[in-house]
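Chemist: here you go, sequence then predicted model.
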Amino acid sequence: MKVNQKYIADLLKISRVTVTKALQDHPDIAISTVKKVKALADELGYIPNIVGRSLSTKKTNTIGVVVPKINHSFFSTIIEEMYTKAQALGYQIILMVSFENEKSELANVKSLLSMNVDGIIIDSVSTSAKDKSYELILKHQKPLIYIDRKPRSIKKVESIVFDDYNLSYKLTNLLIDRGYKDIMYITGSQEVNICYDRLIGFKTAMSDARLDVPTDWILNADLDKENSYKVFQKYLENNSKLPEAIVCVNDFVALGVYEACEKNQIKIPDDISIVGFGHLNISNLVQPPLSTVKLDLQKASFVAVEKLIAMINNQPCEKNNIIGGEIIFRESVK
């Protein structure tokens with residue numbers, strides 16, 4: 001037996017339109033009727049047909065979200081905060097995971113578009129100068145917001161990003177103030193905004209302090225712990241000089257450096273100091289605890305959802321797209 005609005009209407013001997021309005025708390029319907037309809041709907045296990053509703057209203061009240069990973073405290077926090085804000089505003093989230101793969105991200109976007117979501121939020125893994133996910137969303141004329149990561153080649157698109165340049169500049173300056181001069185930097189693809197902005201912040205701080213950074217002291221680890229371990233291990237195998245400190249583009253990269261240091265019996269912070277970016281939960285649990293930059297993930301998530309829903313409903317929205325953070329020094333730095 002299919003439980004739908006017509007079935008409920010027949011049982012209560014009222015019109016289907018009345019049932020529809022009652023389920024939506026329409027002011028035209030008496031409160032007593034609303035209670036009767038909702039009580040019977042609950043008893044029968046009625047679930048609204050989102051597809052059917054979208055055909056009549058042109059909306060599904062759903063938001064598609066694509067993140068690189070879920071087994072990662074940074075992204076899991078963003079997801080939970082988005083769910084909280086979306087539900088408070090009457091929307092549901094459909095979650096997709098790209099697993100740091102550009103082709104998977106495109107497949108995620110295709111799936112979300114097939115479900116007719118009202119808008120999409122992406123924490124992008126794309127490093128291509130021509131991002132196919134963006135072009136596809138553009139063709140379907142769906143509101144889109146990038147959060148945290150976005151391809152630098154895409155200019156005219158709404159994005160909620162962190163104050164990466166200034167936070168990286170400040171972090172580097174604080175290291176310099178502590179007496180560090182020989183500082184290495186480990187980054188990722190420069191097509192990704194966070195990699196570019198954090199590296200430029202670092203380079204500018206070093207330049208302003210009139211400190212040189214050798215070319216081979218800028219390493220690329222693709223935002224990944226395993227690659228970070230490999231590239232720093234390779235550096236250690238081919239070079240005898242250790243930097244005094246290493247600034248890492250994110251905490252996962254920093255953890256890869258930790259592993260290489262352990263393998264080579266390099267003591268942190270006695271032989272080398274390490275700082276990360278992003279404040280993963282594990283950053284306070286490793287030994288020694290990792291110095292890092294804590295970003296305001298709740299604010300970024302809330303602003304992204306609020307702005308996307310405003311775009312969906314053709315409403316004006318906030319212009320504050322840059323979210324701040326705070327620097328936390330722990331025992332990984334002298």
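Modeler: Now that the structure is in, tell me what you want to look at. Everything quoted here is computed from the prediction, not taken from an experiment.
Chemist: secondary structure class of residue 304, three-state.
Modeler: helix (DSSP: H, G, I helix; E, B strand; the rest coil).
Chemist: would you mind measuring from it to residue 150?
Modeler: 12 Å (C-beta to C-beta, to the nearest Å). Using the backbone N, CA and C atoms, a C-beta is placed for each residue, glycine as well.
Chemist: higher neighbour count, the two?
Modeler: Set residue 304 next to residue 150 and count neighbours by other C-beta atoms under 10 Å: residue 304 wins out with 28 against 25.
Chemist: next SSE after the helix or strand of the chain with the lowest mean pLDDT?
Modeler: Lowest by mean pLDDT, DSSP states H and E among the helices and strands of the chain is helix 50-57, with a mean of 57. Sequence order places strand 62-67 as the next helix or strand after helix 50-57, per DSSP states H and E.
Chemist: what mean pLDDT would you report for that following strand?
Modeler: Confidence for strand 62-67, expressed as mean pLDDT, is 97.
Chemist: tell me which other helices or strands that strand touches.
Modeler: Applying 3 or more C-beta pairs under 8 Å, 6 or more residues apart in numbering; DSSP states H and E, we find strand 62-67 packed against helix 73-88, strand 92-97, helix 102-114, strand 119-122, helix 297-312.
Chemist: again, only this time at 10 Å
Modeler: In terms of contacts (3 or more C-beta pairs under 10 Å, 6 or more residues apart in numbering; DSSP states H and E), strand 62-67 is packed against helix 73-88, strand 92-97, helix 102-114, strand 119-122, strand 144-147, helix 297-312.
Chemist: closest to residue 6 out of those?
Modeler: strand 92-97 (24.3 Å; C-beta to C-beta).
Chemist: relative to that closest one, what are the paired strands and their orientations?
Modeler: strand 62-67 (parallel) (DSSP bridges).
Chemist: quick one: the strand it pairs with to chain centroid distance?
Modeler: Relative to the mean C-alpha coordinate of its chain, strand 62-67 is positioned 11 Å out (C-alpha atoms, centre = their mean, to the nearest Å).
Chemist: just the angle for it relative to helix 297-312, thanks.
Modeler: Strand 62-67 runs at 140 degrees relative to helix 297-312, counting by axes from the mean of the first three to the mean of the last three C-alpha atoms, to 10 degrees.
Chemist: low-confidence bits of the stretch 101-250 of the chain, can you list those?
Modeler: Along the stretch 101-250 of the chain, segments meeting pLDDT under 70 span 129.
Chemist: go again with 90.
Modeler: 126-131, 153, 155-157, 222, 224 (pLDDT under 90).
Chemist: mind jotting down where the strands sit in it?
Modeler: Ranges of strands within the stretch 101-250 of the chain are 119-122, 144-147, 158-162, 183-187, 218-220, 245-248, based on DSSP state E, counting those that start in this stretch.
Chemist: so which of these gets nearest residue 46?
Modeler: Nearest of the strands of the stretch 101-250 of the chain to residue 46, taken as C-beta to C-beta: strand 119-122 at 27.0 Å.
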